[in-house]
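Visitor: Take a look and give me a structure for this.
(one chain, ligands or ions: 1)
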Amino acid sequence: MEGGKGLRAAPFPPLHTFEPLRRTALNRIFAAFYTCAIIVLLYRHAQALLNYSTTSLLYFSINFSLLISDLVLAFMWAAAQAYRVRPIRRKEFPENLKRVIKEEDYPGLDVFICTADPFKEPPMNVVNTALSLMAYDYPPEKISVYVSDDGGSALTLFAFTEAAKFASYWLPFCREQNIMERSPEVYFASNNLSWSPEFEKIKMMYENMKAKVEHVVDKGEISDEYIIDNPHREAFKKWTKDFTRTDHPAVIQVILDRSEDKDVSGNYLPNLIYVSREKSKTSPHHFKAGALNALGPNYVGSGCFFQRRVFFGGPSEMVPPEFDELNSNNVVDKPIKSEEILEFAHHVAGCNYENQTKWGYLNGFRYGSLVEDYYTGFRLQCEGWKSLFCNPKRAAFLGDNPITIIDLLGQCKRWCIGLLEVAFSSKYNTLIYGSRSMGIFMGLAYSHYAFWPLWCIPVIHYSFLPQLALLNKVSILPKTSEPWFFLYVFLFLGAYGQDCLDFVLDGGSIKRWWNAQRMWMIRGLTCYVFGSVEYLLKSLGISTHGFTLTSKVQDDEQSKRYWQGTFEFGVPSPLFVPLTMAAIINLFSFLYGLKEFLVGSNMDGGLFLPMVLSGLIVLNCLPIYGAIALRNDKGKMPTQVTVIATFLSAALSSFAYLIFNQ
Ligand SMILES: O=c1ccn([C@@H]2O[C@H](COP(=O)(O)OP(=O)(O)O[C@H]3O[C@H](CO)[C@@H](O)[C@H](O)[C@H]3O)[C@@H](O)[C@H]2O)c(=O)[nH]1
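Guide: Next up is the predicted model:
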């Protein structure tokens with residue numbers, strides 16, 4: 001983020017430039033047409049509702065629910081226009097950095113790596129992340145790597161003491177061999193490696209370290225023979241028998257100190273610091289945001305860099321922290337291991353440290369949402385900070401993605417709860433506060449995500465209602481003979497077509513777009529619904545939803561299926577029930593519609609739209625039919641889910657029969 005200041009003017013070459021995309025004018029013209037079509041559609045719904053006196057309560061309710069669904073669709077479409085009104089493409093020139101600023105003037109870089117559970121986030125993965133960062137193409141004496149361990153695990157600390165030893169060989173190796181893949185795991189797994197004695201030696205060291213760390217993690221304890229240096233022995237003593245992951249003192253361990261630790265070639269190593277914030281059952285924990293706020297005043301998140309200053313109020317109004325030491329421009333002039341510094345660090349890492357301070361509210365990472373990154377970014381932009389999106393050809397950051405559908409939906413459900421916490425925040429909501437602070441387009445762009453879970457309303461609606469009506473020979477969508485039919489076709493093809501075009505123009509393939517829209521439908525039937533319900537329960541004080549960590553463990557069989565493009569269901573989760581119900585009901589309604597069509601039903605074109613809709617959903621559900629009926633592996637749809645969904649589909653169809661035939 002930068003405070004609105006541009007780049008240094010000529011004669012310095014630029015670090016990045018941007019150009020508007022050619023599709024801007026077309027986007028705007030299309031938006032004008034589409035807006036008119038939405039207005040006409042809403043007029044149709046209003047007309048149908050006003051004719052209530054001539055229709056039954058059933059038709060009034062159907063029209064009302066159609067209106068609500070279409071209003072959500074219209075709102076989401078309008079919010080998405082914020083991304084289309086002035087699209088740009090940025091180009092980055094990292095090669096110009098050395099011509100813009102001398103290496104000795106590079107700013108210090110603090111990198112935070114969060115981890116919270118050694119069994120869901122294997123320490124070797126976290127170690128690889130840290131090693132790749134320590135080996136950045138950046139002066140090592142300007143890098144500090146902080147490992148925040150919210151799991152409070154001695155196993156993670158052990159992994160990092162081992163990583164520090166390996167780093168003193170790995171960093172010079174990367175420098176001398178000009179290695180681009182600086183994560184050892186990725187490097188050794190790549191195909192185009194050239195053999196040399198150094199290569200063999202470093203590979204062996206890596207394999208030994210990996211085996212040792214994995215052995216310790218598997219055993220779940222660190223035997224004495226592994227702890228050889230005294231300073232670390234002292235740190236491990238903090239893990240007494242009363243130490244639990246939810247109740248423990250702060251642990252801070254300086255594993256590498258850039259003012260004294262050198263690699264084997266004599267160059268200084270970056271700082272490597274382990275921090276596990278104090279936890280107590282009686283103090284709120286604030287999850288990742290709480291952990292990050294203990295690390296002092298700056299942050300490097302998933303794929304982003306911040307200036308330290310952004311956490312202390314807007315560009316023009318400084319909000320100073322309670323302690324001068326935490327000020328963004330404070331320069332620490334004492335050694336990192338000095339008693340004074342460590343004492344203050346322990347104080348800040350205490351679990352009650354922020355009480356009665358501005359941390360989490362006006363300073364630092366903001367509390368109050370399970371998507372702290374989104375919420376904090378939003379608040380910072382509202383305060384006047386500007387952000388730049390860089391997307392260089394060689395990705396600047398790589399991360400883990402969930403590979404099983406249950407992990408993905410669990411992650412997405414947590415996001416939904418966090419997003420709704422922002423959307424309906426009384427003070428800092430995206431629509432009113434966001435639009436007032438940043439303008440209507442930025443407010444809408446943030447709202448598009450904040451209201452993300454609302455997609456479940458139209459998705460559920462259009463996955464069940466027209467189909468149940470069709471099974472009862474009732475058409476609630478326009479007939480082919482009506483002019484409204486063309487309006488529906490335009491609205492549907494327009495939104496879908498533009499989405500597909502944007503996807504392809506940004507380098508995606510049609511196949512990937514098809515998968516993306518399938519996932520949108522799946523999310524609409526699962527995590528958006530469950531996330532919204534859990535948010536509601538949380539707001540009513542009925543349940544408290546915490547941060548369910550996304551698993552980063554790679555199971556070989558699951559990975560194989562993932563790379564074959566096969567969905568991994570496997571666990572009997574309630575999340576899969578509505579999805580399976582939609583698959584069953586749409587299959588029946590499609591087959592029924594087809595039969596009626598073939599026998600020349602007298603529905604006067606009223607079959608067409610619901611049948612096409614069912615057909616599209618059936619196509620999207622093909623992997624689900626396969627998971628129900630054709631697969632025998634561990635990733636198939638669990639039988640309990642199929643039985644419950646079949647029973648509920650039958651109950652829903654019987655209920656619809658009673659309603660439509662009363
Ligand atoms: O109490 C906690 C819970 C989580 N974490 C860390 O937070 C990070 C994100 O958790 P993860 O389960 O990986 O969430 P994802 O949904 O995969 O992550 C995305 O979404 C999160 C918000 O939900 C953001 O924090 C992340 O930056 C973003 O990559 C991980 O490094 C965790 O170790 C903590 O430090 N403390």
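Visitor: so who does Asp229 touch?
Guide: Residues in contact with Asp229 (CB atoms under 8 Å, 6 or more residues apart in numbering) are Thr161. Bear in mind the C-beta positions are built from the backbone N, C-alpha and C, glycine included.
Visitor: Sketch out the low-pLDDT regions of the stretch 351-500 of the chain for me.
Guide: Within the stretch 351-500 of the chain, the set of residues satisfying pLDDT under 70 is empty.
Visitor: Kindly apply the preceding question to the chain instead.
Guide: Along the chain, segments meeting pLDDT under 70 span 1-10, 53-55, 228, 285, 287, 290-295, 297-303, 545, 602-603.
Visitor: ok, which stretches of the stretch 451-600 of the chain are helices?
Guide: For the stretch 451-600 of the chain, the helices defined by DSSP state H, counting those that start in this stretch occupy 456-471, 483-505, 510-525, 527-539, 556-563, 576-598.
Visitor: Reformat the ones you listed as CSV; add mean neighbour count.
Guide: Formatted as CSV, the helices of the stretch 451-600 of the chain follow (neighbours: other CB atoms under 10 Å):
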stretch, mean neighbour count
helix 456-471, 22
helix 483-505, 15
helix 510-525, 17
helix 527-539, 20
helix 556-563, 14
helix 576-598, 20
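Visitor: Out of these, flag the one nearest the ligand.
Guide: helix 527-539 (11.7 Å; CB to the nearest ligand atom).
Visitor: Show me what the closest one is in contact with.
Guide: With CB under 8 Å, 6+ apart, helix 527-539 has contacts from 409-410, 412-417, 420-421, 424, 452-456, 459-460, 543-545, 574-575, 578.
Visitor: If any of the residues you listed are buried, put those into a ChimeraX selection.
Guide: Buried residues among these (16 or more other CB atoms under 10 Å), as a ChimeraX selection:
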select :409,410,412,413,414,415,416,417,420,421,452,453,454,455,456,459,460,575,578
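Visitor: Show me the subset of the contacts of helix 527-539 that also lies near the ligand.
Guide: Restricting the contacts of helix 527-539 to those touching the ligand (CB under 6 Å from any ligand atom) yields 414-415.
Visitor: Run a quick neighbour tally on the residue in the stretch 401-550 of the chain that the ligand sits nearest to.
Guide: Nearest residue of the stretch 401-550 of the chain to the ligand: Thr550, at 3.6 Å (CB to the nearest ligand atom). Neighbour count for Thr550, taken as other CB atoms under 10 Å: 16.
Visitor: Would you enumerate the residues in contact with it?
Guide: The contact partners of Thr550, by CB under 8 Å, 6+ apart, come to 120, 400, 402, 407, 410-411.
Visitor: near the ligand, which residues of the chain show up?
Guide: Residues of the chain lying near the ligand (CB under 6 Å from any ligand atom): 114-116, 121, 148, 150, 287-288, 291, 301-302, 370-373, 411, 414-415, 418, 547, 549-550.
Visitor: And the strands in the stretch 151-300 of the chain?
Guide: Secondary structure of the stretch 151-300 of the chain (DSSP state E, counting those that start in this stretch): strands at 251-256, 271-276, 300-301.
Visitor: Now do the contacts for the closest residue to Val459 other than its chain neighbours.
Guide: Excluding the flanking residues, the one nearest Val459 by CB to CB, 6 or more residues apart in numbering is Gly524, at 2.8 Å. Gly524 sits next to 455-456, 458-460, 463 when contact means CB under 8 Å, 6+ apart.
Visitor: pretty sure Phe30 is touching Gln498, no?
Guide: Yes. Applying CB atoms under 8 Å as the test, Phe30 and Gln498 come out as touching, 6.8 Å apart.
Visitor: give me the element Phe112 is part of.
Guide: According to DSSP states H and E, Phe112 maps onto strand 109-115.
Visitor: What's the first helix or strand after that strand?
Guide: helix 123-134.
Visitor: Against which helices or strands is that next one packed?
Guide: strand 109-115, strand 143-149, helix 154-177, helix 184-189, helix 197-219 (3 or more CB pairs under 8 Å, 6 or more residues apart in numbering; DSSP states H and E).
Visitor: got the angle for that helix vs strand 251-256?
Guide: In terms of direction (axes from the mean of the first three to the mean of the last three CA atoms, to 10 degrees), helix 123-134 departs from strand 251-256 by 50 degrees.
Visitor: Could you tell me the angle between helix 123-134 and strand 143-149?
Guide: Computed with the same axes, to 10 degrees, the direction of helix 123-134 lies at 160 degrees from that of strand 143-149.
Visitor: and helix 123-134 with helix 197-219, angle?
Guide: 140 degrees.
Visitor: And for Gln554, nearest residue in space, chain neighbours not counted?
Guide: Using CB to CB, 6+ apart, the closest residue to Gln554 is Ile403 (7.2 Å).
Visitor: Next up, the contacts around that neighbour.
Guide: Counting by CB under 8 Å, 6+ apart, Ile403 touches 554, 558-559, 562, 568.
Visitor: May I ask which two of those residues are separated the most?
Guide: Within those, Gln554 and Glu568 form the most distant pair, 12.0 Å apart (CB to CB).
Visitor: Looking at the two now, which is surrounded by more residues?
Guide: Per other CB under 10 Å, whichever of Gln554 and Glu568 has more neighbours is Glu568, with 23 against 12.
Visitor: List the contacts of that one.
Guide: Contact analysis of Glu568 by CB under 8 Å, 6+ apart lists 403-406, 558, 561-562, 635.
Visitor: Mind doing that once more with 6 Å?
Guide: Shown in contact with Glu568 (CB atoms under 6 Å, 6 or more residues apart in numbering): 404-405, 558, 561, 635.
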